[in-house]
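Novice: Here is a sequence with its predicted model. Questions after.
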Amino acid sequence: MSNVLTVARKEVQEGLRNCWVLATTLLLAALALTLAFLGSAPTGNVGVRALDVVVVSLSSLTIFLLPLIALLISHDAIVGEMERGTMLLLLSYPVGRRQVLLGKFLGHLAILGFATLVGYGAAAVALALSGTPVEAGSWTAFASMIGSSILLGASFVAIGYLLSALARERGTAAGTAVGIWLVFVLIYDMALLGVLAVDQGQTLAGGLLDALLLLNPTDAYRLFNLGGTGDVGAFSGMSGLTRTAALSPPALLAALAAWTLLPLGLAALVFDRREL
């Protein structure tokens, strides 16, 4: 375990040296603060629902931004080290390939988790300091949003690791990462919406629709955060879809966890068999 933590610490130090941590944190904080003070406009006043509006706004932003950041920091984790020749040097020490992979994953996840917690937390702190009254349920929804955002980021970091283990060149990995982001964030939902419009609920209903939604980690995240009960579900307009899909919050979180563990496990298998 000490080897894993050493590799993780190395990744965090490189993230600090390359300004990944600072840039990501400042970007998320700036967007969160902007949404915190401008996003309450749809409610007509800054009242007890202000944080619920922030949860809806940040969840929608996270679906587009966090997967892209996760793929950018992870797509060359393996192939980049191999091209630079540093992977061979790293493996010359008494450390296994899977320890390297897990350590790198934990390091990148720490960077992403820190940026998300501090960046999004700035919005909640700003609202609290402004004297805006917030109900306990809103704080719970906000905390759930941050936790699930980190889990969504973890799933795309794992996908990036699988891509990096399969790619032969950094350029190929970078181009494929952008393509994966487009598929999961934009193309998949547009295609599913088109199929649903043509199908008219005759075939794609019930369990089949649930399965199709779970095949996309961003859809699982969207349903978990935007389909909630109370003000969050009302503001997002997705509470009806959640009832139709009949997917419970634990099932959606389990899907996000599976989207993390499965690609990471496949990346480990591919990396074990790859020649240096």
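Specialist: On my side now, so go ahead. Because the structure is a prediction, the values reported are computed rather than measured. Numbers count the residues shown, from 1 in each chain.
Novice: Show me what the lengthiest helix in the chain is packed against.
Specialist: Counting residues, the longest helix found in the chain (DSSP state H) is helix 97-129. Using 3 or more Cβ pairs under 8 Å, 6 or more residues apart in numbering; DSSP states H and E, the elements in contact with helix 97-129 are helix 2-17, helix 20-38, helix 50-74, helix 86-91, helix 136-166, helix 249-273. C-beta: built from backbone N, CA, C; applies to glycine.
Novice: mean confidence for that helix?
Specialist: Helix 97-129 carries an average pLDDT of 91.
Novice: for that helix, which positions count as buried?
Specialist: Across helix 97-129, burial judged by 16 or more other Cβ atoms under 10 Å covers 97, 99-124, 126-127.
Novice: Just say helix, strand or coil for Leu247.
Specialist: coil (DSSP: H, G, I helix; E, B strand; the rest coil).
Novice: Assess the claim that Asp219 and Leu209 are in contact.
Specialist: No. The pair Asp219 / Leu209 is not scored as a contact, 10.5 Å apart, by Cβ atoms under 8 Å.
Novice: How far off centre is the longest helix of the chain?
Specialist: Remark: helix 97-129 is offset 11 Å from the chain centroid, using Cα atoms, centre = their mean, to the nearest Å.
Novice: now the stretch 101-250 of the chain, which segments are flagged as low pLDDT?
Specialist: Applying pLDDT under 70 to the stretch 101-250 of the chain picks out residues 132-134, 201, 205-206, 228-246.
Novice: If we use 50, what do you get?
Specialist: For the stretch 101-250 of the chain, applying pLDDT under 50 flags the ranges 234, 236-237.
Novice: mind listing what the residue nearest to His75 when sequence neighbours are not counted touches?
Specialist: Distances taken as Cβ to Cβ, 6 or more residues apart in numbering place Ala177 nearest to His75, at 4.1 Å, with adjacent residues excluded. By Cβ atoms under 8 Å, 6 or more residues apart in numbering, the contact list for Ala177 reads Leu71, Leu72, His75, Gly160, Leu163.
Novice: With Val195 instead?
Specialist: Taking Cβ under 8 Å, 6+ apart, we find Val195 in contact with Leu204.
Novice: how about a cut-off of 10 Å?
Specialist: Contacts for Val195 were tallied using Cβ atoms under 10 Å, 6 or more residues apart in numbering; they are Thr203, Leu204, Leu212.
Novice: Report the spatially closest residue to the last one, excluding sequence-adjacent ones.
Specialist: I take that to be Leu212. Leu192 (6.1 Å).
Novice: about what we covered before: in which helix or strand does the residue nearest to His75 reside?
Specialist: helix 170-182 (DSSP states H and E).
Novice: Work out the gap between that helix and the centre of the chain.
Specialist: Computed by Cα atoms, centre = their mean, the chain-centroid distance of helix 170-182 equals 17 Å.
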